[in-house]
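Got a sequence here, can you build the structure:
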Amino acid sequence: MAQIIDLVPNDAEMEAYTTPKNQQAADELAHKKAVKKRLEDYLERAQLKRDLSEDDFWA
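I've put the predicted structure just below:
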C-alpha cells in the first residue's frame, strides 16, 4: 500500500516560489503588494470607524 506523506516547504523553497523571474514580474508583484497593503489599511480604518460609531450610539 502506498503511503502519502505531506511535506511542508521550508523558507528557501517558499522564497523560490515567490521570487519574480524578470523585472516586469517584479514590478507586478510590488504593485500587487502595495495595493493589498492599501486595501488592508483602508479596511482596518473602516472597521475602526464602525466600531467607534457603534460605541457612540450606545453611550
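
So what's the residue count around residue 29?
13 (other C-beta atoms under 10 Å). Every residue, glycine included, has its C-beta placed from N, CA and C.

Leaving out sequence neighbours, find the closest residue to it.
Distance criterion C-beta to C-beta, 6 or more residues apart in numbering; nearest residue to residue 29, sequence neighbours excluded, is residue 20 at 5.2 Å.

any low-confidence regions in this structure?
Within the chain, the segments meeting pLDDT under 70 span 1-6, 9, 55-59.

Is it correct that the residue nearest to residue 29 is in contact with residue 33?
No: with contact defined as C-beta atoms under 8 Å, residue 20 does not reach residue 33; the gap is 11.2 Å.

State the number of residues packed around residue 51.
9.

Residue 37 now?
Neighbours around residue 37, by other C-beta under 10 Å: 10.

List the contacts of it.
Contacts for residue 37 (C-beta atoms under 8 Å, 6 or more residues apart in numbering) come out as none.

Dihedrals phi and psi, it?
Dihedral angles of residue 37 (phi, psi; degrees, to the nearest 10) stand at phi -60, psi -40.

next one: residue 20
phi -70, psi 150.

now do residue 48
The phi/psi pair for residue 48 (degrees, to the nearest 10) is phi -60, psi -40.
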